[in-house]
Structure formats: structure tokens, C-alpha cells
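Asker: can't give you the sequence, but here's the structure:
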């Protein structure tokens, strides 16, 4: 027994290969129209589609609950688009019934005008449908001509949708503003396109904050915000991120122009709207517009649109004209100091 007890047991290590988890099944099924291509969706989207050679896109999002006020949602989006809020009666004029699978919903022209005098060169259609405790949003966005041509395809797509029972439904986990109930609209500080909501847990880049900038509380859908104080007024800088093309370059430019009281540009005027900016790893687009803000003061917006790895990043400087002029050089250095986690 003593002899047997002196033998040491040999320890062997067995490596068991990790079994990759199968991807979660999509919570919806659908029939893809001709000319539509499914592309990778961001965390906040269930699905994303490129349409007509990237002239438009359709995204699918979901929010828990069925109690969200449709008027509140529409007015938040219209405000970020530089459009005035609607009343219930005005919203009804821009809304039509639509079928989504076996459910009944509403199709809303977000950029529509109740007077018929809309000057927007872009258009946003959103189908809203509640289904088994979830509110679904199907958003078609692009230039007005393409959206008008794709509307029948969108309606056919919605009819083909079926909801998969028991599938996990991703959610942005954000709270919609109740602006439509209070009559007060939130200030737009995102630099983001309508309805597109940034991921709640993005891979946040690193940057160098200029001396004199103070970090401020971030508004909804904004990743970071800084304020630069000075004797000529305050200027704010915000950072936000969207999936894909972020609604399109021209739409964002026209929204920023609308925020300082300038008329929208047409498709043939795009080249006048920006200048290229050297950034690490490539080029970004710099937009610089002056006009009158909502407070009636001379206001300047300097915006950077930076497409990168299937996402679009927005860096936006806003302030009274003298303050924005003071901060602009530091703002450009700030953007050029950005380094993303994946290089």
C-alpha cells in the first residue's frame, strides 16, 4: 500500500474546442423587393436594407411596449429635421393605413407638408405598427424621387413581413421624448439623421479634449458633449454615431442648414455643401453654415461627417457666430485627434 501510494498520478489536459453559438434567429421574416439588398444591421436595428444603389435605405427598429405616443415620435423627428411640430389633425393628413404582415399600422410621411409647400429634397416614410407588446418602426429614407418610386415596393415589403413567435427582439433601450404631450420640443444637438438612434453601447473612440472645454451632460442619442465658455458666448461640441450612411449626406446638410434658417440644397448642389478634411485613415466632409438660430441670434454650425466601417460619425460645433469662430480651430484639432478602437 505504501509503495502504491508513492506513485504520482499524471495530470493530462484535454482542450475542448469552443462551440460557436448559432446566431439568434431574426424576429421577422420578409420577402425582399427587387433592387433591395440586406446589409449588416447595427445594434439598434433589427434589419437594414440598401435600396436603388444606396439612393435610399430602409431600417427596421423595435421598442418595448405599445404605448408610445405616435404624435410625440413624429414631432421629435420633425424637430430634428428642422420642421415645425404637428397637431393631431395635421398628423392625420400625413398618415395613411398600412398592413404589416397580419397587423394594422400607420404609414407617416415625416417630411410631408400639410400645406403642400414642402421644399425638402429628401423624404422619410415611417410605418409604425404595434404587435404583441412591441412597437415596430420601418423607416424608408432617401431623396424624394427615389422614396416616391420605392413607396409601392415598401408597401409590398410590409405586407410580406411575418413576426417570428418566441424570437429575441433587440431593442435600443431608449426612452422616447414626450414632447408631443408637453408641447415643448427638445433641442437638437445630435448631428444625427431623423429616427436613426445610436447604439446604446458603441465602441467609443479616444480623443484629445482641448484646454478650456468642459464635459457636459449628454442629451439623448449623443455619445459625448463639451462646452467651451468665453466672453463672446458659449459654444457646444457634440459627438454622435449612426449605422450605415446615417440617412444620407445631403439630408444631414439640409437639416443643419434649416437649423440656421437657410434654404435646402438640391442634389445638383451637393458639391457646394462641403470641403474635404484630412482625418486619420482617410477623408471626412466639413460643413460650415451661418444664419439665424431659433433664438434669432447669428448662429454658426461647423459639422464633420465621417463615414467609417459601415457607420457614420458626426462631430458638430454649434454656437453664436463669434463663439463658434473662436472655437473652430480647436474643434478641427479635436476631430483630427480621434482614434477608433479598431484602428
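Answerer: Thanks, I have it. Nothing here was measured: the structure is a model prediction, and the numbers come from that model.

Asker: what about residue 45, neighbour count?
Answerer: 21 (other Cβ atoms under 10 Å). Bear in mind the C-beta positions are built from the backbone N, C-alpha and C, glycine included.

Asker: which residue sits closest to it in space, ignoring its chain neighbours?
Answerer: Of all residues not flanking residue 45 in the chain, residue 59 sits nearest, at 5.1 Å (Cβ to Cβ, 6 or more residues apart in numbering).

Asker: Surely the one you found touches residue 51?
Answerer: No - here residue 59 lies out of contact with residue 51, judged by Cβ atoms under 8 Å, at a distance of 10.9 Å.

Asker: Looking at the two, which is more packed in?
Answerer: residue 59 (26 against 22).

Asker: Then the more buried one would be within a helix, right?
Answerer: No - when DSSP: H, G, I helix; E, B strand; the rest coil is applied, residue 59 is found to be strand, with no helix at that position.

Asker: Provide a list of residues in contact with it.
Answerer: In this structure, residue 59 makes contact with 41, 45, 47-49, 138-139, 141, 195-196, 243-244, judged by Cβ atoms under 8 Å, 6 or more residues apart in numbering.

Asker: which ones among those residues are found in strands?
Answerer: 47-49, 138-139, 141, 243 (DSSP state E).

Asker: any chance of those in TSV, with distance to residue 90 too?
Answerer: What follows is the ones in strands among the contacts of residue 59, written out as TSV (distance: Cβ to Cβ, whole Å):
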residue	distance to residue 90
47	31
48	30
49	30
138	22
139	20
141	21
243	30
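
Asker: between those residues, which has the most around it?
Answerer: Among the ones in strands among the contacts of residue 59, residue 141 has the most neighbours (other Cβ under 10 Å), with 28 neighbours.

Asker: Need the pLDDT of the nearest residue to that residue once chain neighbours are set aside.
Answerer: Spatially, and ignoring its direct neighbours in sequence, residue 141 is nearest to residue 124 (4.8 Å; Cβ to Cβ, 6+ apart). On pLDDT, residue 124 comes in at 85.

Asker: Columns distance to residue 252 on top of the contacts of residue 59, output as JSON lines?
Answerer: Shown next, in JSON lines, are the contacts of residue 59 (distance: Cβ to Cβ, whole Å):
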{"residue": "41", "distance to residue 252": "20"}
{"residue": "45", "distance to residue 252": "18"}
{"residue": "47", "distance to residue 252": "22"}
{"residue": "48", "distance to residue 252": "17"}
{"residue": "49", "distance to residue 252": "20"}
{"residue": "138", "distance to residue 252": "21"}
{"residue": "139", "distance to residue 252": "15"}
{"residue": "141", "distance to residue 252": "11"}
{"residue": "195", "distance to residue 252": "13"}
{"residue": "196", "distance to residue 252": "10"}
{"residue": "243", "distance to residue 252": "14"}
{"residue": "244", "distance to residue 252": "13"}
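
Asker: Of the residues you listed, which is the nearest to residue 319?
Answerer: Among these, residue 196 lies closest to residue 319 (Cβ to Cβ), at 24.5 Å.

Asker: Look at residue 262 and tell me its secondary structure.
Answerer: coil.

Asker: Could you double-check that it lies in contact with residue 287?
Answerer: No - under the criterion of Cβ under 8 Å, residue 262 is not in contact with residue 287, lying 11.2 Å apart.

Asker: Mind checking which of those two has more residues around it?
Answerer: Using other Cβ under 10 Å as the criterion, residue 262 and residue 287 rank with residue 287 on top: 20 against 17.

Asker: Please, which helix or strand holds the more buried one?
Answerer: Using DSSP states H and E, the element containing residue 287 is strand 282-292.

Asker: swap in residue 126?
Answerer: strand 122-131.

Asker: strands paired with that strand, and their directions?
Answerer: Next to strand 122-131 in the sheet, as set by DSSP bridges, lie strand 103-109 (antiparallel), strand 134-143 (antiparallel).

Asker: List the buried residues for the longest one?
Answerer: When burial is assessed from 16 or more other Cβ atoms under 10 Å, strand 134-143 yields the following buried residues: 134-143.

Asker: and that strand, what's its mean pLDDT?
Answerer: The model assigns strand 134-143 a mean pLDDT of 86.

Asker: What pairs with the strand holding residue 287, parallel or antiparallel?
Answerer: strand 275-279 (antiparallel), strand 298-308 (antiparallel).
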